[in-house]
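1. Test case, fold it:
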Amino acid sequence: MGCTYSVYGLGRKKKLSIPEVVVFVPCTRIPAQCDVQRALKGLIPRDLIDRLSCVRNRIALVAEDTGGSAINELQQALEEYLSILIGLTKKEHGLEGLVEFKWKILQDGRQENCVANAWFELLSVLHMMAMLTFSEADTLMIPKDYSGSGFRVVSTDCKRDAVDLLLKAAGYLEFCVRNVLCCIPAEIKKSLSKDLQEGVLEAISIQALGQGTEIQLGLAVESQKATLSVKRRLACEQLIYYSQAYQCLSGCDLNHGYGKKHMWFIKWKFLEAKAAAYYYHGLVLDKGNEPTCHIGAVCCFLAAQELLVESKKACLSFCLAAPVTRAPPLWGAMKHLHQKIPEVASRKSQMYGYLLEQEKAHQSLPELPDFQLSLRPDDYELPDIDPAWDSEKWENQSQPLKEHLKDCEDEIETE
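-> Got it, this is the predicted structure:
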């Protein structure tokens, strides 16, 4: 039984599987093997070193064995690891730069970073926690169709849970930008993976808020109680989030792994959000009695139609950018708007065609209203430092740093 997985598929070609993406998850980085024991030997209690090394190795093993799908188990192990790791960042311990931490890309096993800095390790752990949380949200938004009917329904509870997860992931990344990056020396920051650039982390955090708003807009479209003003507000907020994410990303070096694909995702969602914002703004304007209101509404509908066409092109570019993915069937607000926008644009253009001819001088695209943003990242705080760091054994078992370094030199010479 235990060997089944090792012989499965022998003599068969591996079936090509192109993953479907609702919530975009940049590459997930996992710990790679590093010699924690040797670096910290004699400086902190042996059991603390063993736990640090053991939990780190367990995270790497579970991530590789499951492809990162054992999210709950990994998150618990990462939280446990953080409480121990925090001790290495304390200046009074003088251990910040002793361990050379290594990380690699989960998807292809390629080693990305090897940095002797405890704050880098803390950043990498929080980044992994954020990516796992994005993956969990993505899983909730891609239900499996067991009925064979071809219709896939995401429950309201799943959508709300996905929003909560997106805010949680955004909180991890915001904490990284505000509280961790500033502790890493400038020369080390220059050598970090492109995925850990400040602008990239900010973009992903803000993008999460945009996707959360997108899900909320879908819920509003499905609700009979949601007013037109609420839908317009959500669409405009979504547009602002993606605009901010684009600004953060535009100043980054995107010539790496997922860089270009990430930018195409932002463009795709930005264009969809803008189309939705103009459509709902047009509906609000069309309720006015003045001819200029109807002209402005038609201009909004036509702009929304053009933006929808451009968003389809951006979606295709995103899917084809490496690594290749596929878009999900239309869902949420876009499932509704892909039908309504062309229909309303055509009908209203015909209805107010005479006004467009008469008032050509007044034909300009109305400005979208500006709204205060509703969603913000969850507040995140690091777990309490492991009690072992305050143990009385700390003073009794430690040795001076100079003696430790001398021991290391002696070991190197004997090798």
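2. which element is Cys114 on?
-> For Cys114, the element it lies in under DSSP states H and E is strand 111-115.
3. Beyond that strand, next helix or strand please.
-> helix 118-141.
4. How about the contacts made by the closest residue to Ser191 other than its chain neighbours?
-> Among residues not flanking Ser191 along the chain, Val115 sits closest, at 7.0 Å (CB to CB, 6 or more residues apart in numbering). In this view, the C-beta of every residue, glycine as well, is placed from N, C-alpha and C. Val115 sits next to 100-101, 121, 188, 191-192 when contact means CB atoms under 8 Å, 6 or more residues apart in numbering.
5. Ok, Phe270 next?
-> Going by CB under 8 Å, 6+ apart, the list of residues near Phe270 reads 239, 242-243, 245-246.
6. One more: Ser229?
-> Ser229 touches Val284, counting by CB under 8 Å, 6+ apart.
7. Please point out which parts of the helix or strand encompassing it sit buried.
-> Ser229 is part of helix 228-250, with elements assigned from DSSP H and E. By 16 or more other CB atoms under 10 Å, the buried positions in helix 228-250 come out as 231-242, 244-246, 248-249.
8. Please tell me how far Glu367 sits from Glu306.
-> 17 Å (CB to CB, to the nearest Å).
9. the more surrounded of these two?
-> Each of Glu367 and Glu306 has its neighbours counted (other CB atoms under 10 Å); Glu306 has more, 15 against 8.
10. Look up how far Gln207 lies from the more buried one.
-> 24 Å.
11. just to revisit the earlier point, out of the contacts of Phe270, which is nearest to Arg56?
-> If you rank these by distance to Arg56 using CB to CB, Ala245 comes first, at 31.7 Å.
12. so the closest one touches Ile206, yeah?
-> Yes. Counting by CB atoms under 8 Å, Ala245 does reach Ile206; the two are 4.3 Å apart.
13. Low-confidence stretches in the stretch 151-300 of the chain?
-> Under the criterion pLDDT under 70, the flagged ranges of the stretch 151-300 of the chain are 151.
14. try 80 this time
-> 151-152, 255-257, 291-292 (pLDDT under 80).
15. quick one: the helices in it?
-> 156-175, 186-189, 198-222, 228-250, 259-285, 291-320 (DSSP state H, counting those that start in this stretch).
16. Just the buried positions in the fifth one, please.
-> I take that to be helix 259-285. 259, 261-285.
17. got it, and the shortest one?
-> For helix 186-189, the neighbour count (16+ other CB under 10 Å) marks Lys189 as buried.
18. thinking again about what came up before, now the helices of the stretch 151-300 of the chain as TSV including distance to Leu95?
-> Below are the helices of the stretch 151-300 of the chain laid out as TSV (distance: least, CB to CB, whole Å):
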stretch	distance to Leu95
helix 156-175	22
helix 186-189	16
helix 198-222	25
helix 228-250	33
helix 259-285	34
helix 291-320	43
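19. Select, out of those, the one closest to Ile18.
-> helix 291-320 (8.6 Å).
20. Report all helices and strands that that closest one contacts.
-> Secondary-structure packing of helix 291-320 (3 or more CB pairs under 8 Å, 6 or more residues apart in numbering; DSSP states H and E): helix 259-285, helix 332-351, helix 353-358.
21. what would those look like in JSON lines with distance to Ile44?
-> Listed next are the helices and strands packed on helix 291-320 as JSON lines, based on distance: least, CB to CB, whole Å:
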{"stretch": "helix 259-285", "distance to Ile44": "38"}
{"stretch": "helix 332-351", "distance to Ile44": "51"}
{"stretch": "helix 353-358", "distance to Ile44": "76"}
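22. In three-state terms, label Pro31 for me.
-> strand (DSSP: H, G, I helix; E, B strand; the rest coil).
23. That one: neighbouring residues, count only.
-> Neighbour tally, Pro31, other CB under 10 Å: 24.
24. Hmm, it is touching Ile105, no?
-> No. Here Pro31 lies out of contact with Ile105, judged by CB under 8 Å, at a distance of 11.8 Å.
25. Leu330: how many residues sit nearby?
-> 12.
26. so which strand or helix has it?
-> Applying DSSP H and E, one finds Leu330 in no helix or strand.
27. So for it, what's the nearest residue that isn't a sequence neighbour?
-> Per CB to CB, 6+ apart, closest to Leu330 is His338, 5.7 Å.
28. Report the separation between that neighbour and Ala275.
-> For His338 relative to Ala275 (CB to CB), the value is 9 Å.
29. And stretch 329-340, what's buried?
-> Buried-residue list, stretch 329-340, by 16+ other CB under 10 Å: 331-334, 336-338, 340.
30. Just the CA trace of that stretch, in CSV.
-> Taking Å, rounded to 0.1, in the frame of the first residue of the first chain, the C-alpha atoms of stretch 329-340 are listed here in CSV:
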residue,chain,number,x,y,z
PRO,A,329,-15.7,30.0,-16.6
LEU,A,330,-17.2,33.5,-16.2
TRP,A,331,-18.3,34.0,-12.6
GLY,A,332,-19.5,36.7,-10.3
ALA,A,333,-20.2,40.2,-11.7
MET,A,334,-18.4,39.4,-15.0
LYS,A,335,-20.8,36.6,-15.8
HIS,A,336,-23.6,39.1,-15.7
LEU,A,337,-21.7,42.0,-17.3
HIS,A,338,-20.4,40.1,-20.3
GLN,A,339,-24.0,39.7,-21.4
LYS,A,340,-25.4,43.0,-20.2
